[in-house]
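Engineer: predicted model, plus sequence, below.
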Amino acid sequence: MAQRTRSRTNGTPPPILLKGLGVQYDLRLSKKRKLRDTVLRDGRHAQSGKFWALREVDFTVAAGESVAVIGPNGAGKSTMLQVLAGILEPSVGTVEVRGKIATLLQLGAGFDPELNARENTLLVGEFLGVPHREMIRRLPAILEFADLGEFADAEVRTYSSGMRARLGFSVATSVEPDVLLLDEVLSTGDAAFIEKSRGRIMELMKRARAIVFVTHDLDSAANFCTRAIELDGGRIVADGPANRVIAAYKKKMAKRSTMAARSGQGVRRGS
Amino acid sequence: MTTSSTELTVGRPRRGSIGSILESVAALIERRRLVWYLTISEVRTKGTNSLLGNIWWFLDPALQLFIYFLLVNVLFHRSQPAILLFLGAAILPWKWFTAALTTATTAVRRREQVMRQIAFPHIVLPAASVLASVGNFLFALVPLGALYLLYPDRLTPWALAVFPVAVVQFLWTIPAVITLSALGVFFRDISNFIPHGLRIWFYLSPALFPIETLQAIGDRHPWFGVLVNANPFTWIFSGYRDALYHGRAPDWIPLGALALASIPAILLSIYLFRRASPLFVKVL
């Protein structure tokens, strides 16, 4: 199997390869589960059934491509990124991602409120698996970009949410990734920082071999990306050049909302 | 730094039982610094947000020892020579074990946020929890050492044998913490159950009374005798007491057997943890 994919791309395997991928959630294992429900498994307490967050996804990203993933809420977009980042293991099928990965999912994950900026940067570096010496080398640049002023030596618990996001962004983007996974992080912090972070992301995008970008912001997706896929109900329903897929998706959404408006009574009752 | 742009970073094939144990052990070695950072952070958290701060590390065991002293000596009139040392030799190591198991149930669950954002080997979480619990033992050595001011004639070179006995206890703390940290993800009630389970275990172990008391019951009810002998803490407490209280060599044979028996338990717990870990992110 692996040999076939290799030959298709002239010897070098693609940065991202998903094949027959499915991610299944077992609703019985869902949150706030109590021991009692397991012992008295009478079917009424336990929510039964399984749920496919992603199903039969075949998807290859070649070197140089940037792919926007669009679709309604609950379509499986975030699950897709988590699989690509190696956070979730697929239930069926294969996932292969090659090269260094940078994920910009939620900023500031892994911070310990009792540690200061410097210590937290090193801590997150360890979570990410960046070698210690490398992290020490990057430290000054990371702190400078986060622009924390006198707070650099204070514990993170004293930070405002904006400062926390800035530090998180700065740490997460300090790697030079081959594969960049983005989940709507372009809108963190104040206006000045948004501008600055946009610049940094552009820089990373230029250098990365492959980009996957999950977003609801269709216009920036059309700007940034060469290709788009649309997910719905965990399946890929459209795949092609970004402009074409996004235009078709917009048209579909517009149609859906006019239909919803027409049957306004029903919608109101439903919500 | 050495990752080339074509090296597989996500999607390595799943491994068999021995493979996944080796993979976890390799991950622990590779991420030893992460384990250490998490350990330090856990130890530090205890001292913050309280008036006396890190003094609690010493005060906690000292107060607990004092309460049991009141219970046994004043209420039950069950007097032993050098009673504080007799009790301390068992109660203080036991406190280490209970602290380890109680925090274990949330060791993975607490890091829910970062688990959802970054892919890392989850085994580092219980590993840090085990190491942080050792702090309980090390700090308890201070009030324990202070007891020799009351009973200076009890201090012998055999007191140093607490360390090998502590190693045996440590070896059994590892699989217990790893297993509970995984179970704690799936069953939140575990954290409510643990303190009660531990209390029963405590009274079935020779902590507040000499081992002879349990053996006497065992003579009358053979099943109880089996239970006493199968309880690792029968031998661990006796070991501590030999070293610290009686000033003699611990009984090395059962302790050695316990140490050996911990190895398959550790490997099994690592394997089960690795098997369960893909589900953590889905459940949390």
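Structural biologist: Done, it's in. These figures come from a predicted structure and were not determined experimentally. Numbers count the residues shown, from 1 in each chain, chains lettered A, B, ... in the order given.

Engineer: isn't A:Ala221 up against A:Val212?
Structural biologist: No. The pair A:Ala221 / A:Val212 is not scored as a contact, 11.3 Å apart, by Cβ atoms under 8 Å. Yep, even glycine has a C-beta here, placed from its N, CA and C like the rest.

Engineer: comparing those two, which residue is more hemmed in?
Structural biologist: A direct count of neighbours by other Cβ atoms under 10 Å in any protein chain shown for A:Ala221 and A:Val212 places A:Val212 higher, at 28 against 23.

Engineer: what's the burial count for the closest residue to B:Leu38 other than its chain neighbours?
Structural biologist: Distances taken as Cβ to Cβ, 6 or more residues apart in numbering or on different chains place B:Ala128 nearest to B:Leu38, at 3.5 Å, with adjacent residues excluded. Applying other Cβ under 10 Å, we find 24 residues neighbouring B:Ala128.

Engineer: check which helix or strand covers B:Ala128.
Structural biologist: B:Ala128 belongs to helix B:124-146 when assigned by DSSP states H and E.

Engineer: the helix or strand that comes right after that helix close to chain A?
Structural biologist: Downstream of helix B:124-146, the next assigned helix or strand under DSSP H and E is helix B:162-186. Yes. Helix B:162-186 reaches chain A (Cβ under 8 Å from any Cβ of the partner chain) through B:Phe186.

Engineer: got phi/psi on A:Phe51?
Structural biologist: Phi and psi for A:Phe51, reported as degrees, to the nearest 10, are phi -140, psi 130.

Engineer: report the contact partners of it.
Structural biologist: Counting by Cβ atoms under 8 Å, 6 or more residues apart in numbering or on different chains, A:Phe51 makes contact with A:Gln24, A:Tyr25, A:Asp26, A:Leu27.

Engineer: try 10 Å this time
Structural biologist: A:Val23, A:Gln24, A:Tyr25, A:Asp26, A:Leu27, A:Ser30, A:Gly234 (Cβ atoms under 10 Å, 6 or more residues apart in numbering or on different chains).

Engineer: what comes up buried for the helix holding B:Ala128?
Structural biologist: By 16 or more other Cβ atoms under 10 Å in any protein chain shown, the buried positions in helix B:124-146 come out as B:124-137, B:139-141, B:143-144.

Engineer: before we move on, the earlier item: need the worst-confidence member of the contacts of A:Phe51.
Structural biologist: pLDDT across those is lowest for A:Ser30, at 61.

Engineer: can you map out the helices along the chain?
Structural biologist: Answering for chain A, as no chain was given. With DSSP state H, the ranges of helices along chain A come out as A:2-8, A:35-39, A:77-85, A:117-128, A:132-146, A:161-172, A:191-207, A:218-224, A:242-262, A:264-270.

Engineer: meant chain B actually
Structural biologist: B:17-30, B:32-47, B:56-69, B:83-107, B:112-117, B:124-146, B:162-186, B:190-203, B:211-220, B:222-230, B:232-241, B:252-283.

Engineer: which of those helices sits closest to A:Ala63?
Structural biologist: Closest to A:Ala63 of the helices of chain B is helix B:112-117 (Cβ to Cβ; 25.9 Å).

Engineer: mean confidence for that closest one?
Structural biologist: 88.

Engineer: right, is that helix up against chain A?
Structural biologist: Yes. Helix B:112-117 lies within reach of chain A by Cβ under 10 Å from any Cβ of the partner chain, at B:Glu112, B:Gln113, B:Val114, B:Met115, B:Arg116, B:Gln117.

Engineer: give me the contact list for that helix.
Structural biologist: Outside helix B:112-117, the residues touching it (Cβ under 10 Å, 6+ apart) are A:78, A:82, A:85, A:87-88, A:103-112, A:123-124, A:127-128, A:168, A:172, A:183, B:106, B:108-109, B:120, B:122, B:125, B:185, B:277, B:280-281, B:283-284.

Engineer: can I get that helix in PDB, CA atoms only?
Structural biologist: The C-alpha coordinates for helix B:112-117 follow below in PDB (Å, rounded to 0.1, in the frame of the first residue of the first chain):
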ATOM      1  CA  GLU B 112      -7.500  17.400  30.100                       C
ATOM      2  CA  GLN B 113      -6.800  20.800  28.400                       C
ATOM      3  CA  VAL B 114      -3.300  20.100  27.200                       C
ATOM      4  CA  MET B 115      -4.200  16.600  26.200                       C
ATOM      5  CA  ARG B 116      -6.700  18.000  23.800                       C
ATOM      6  CA  GLN B 117      -4.200  20.400  22.200                       C
END
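
Engineer: check which residues of that helix are buried.
Structural biologist: Here helix B:112-117 shows B:Glu112, B:Val114, B:Met115, B:Arg116, B:Gln117 as buried, counting by 16+ other Cβ under 10 Å.
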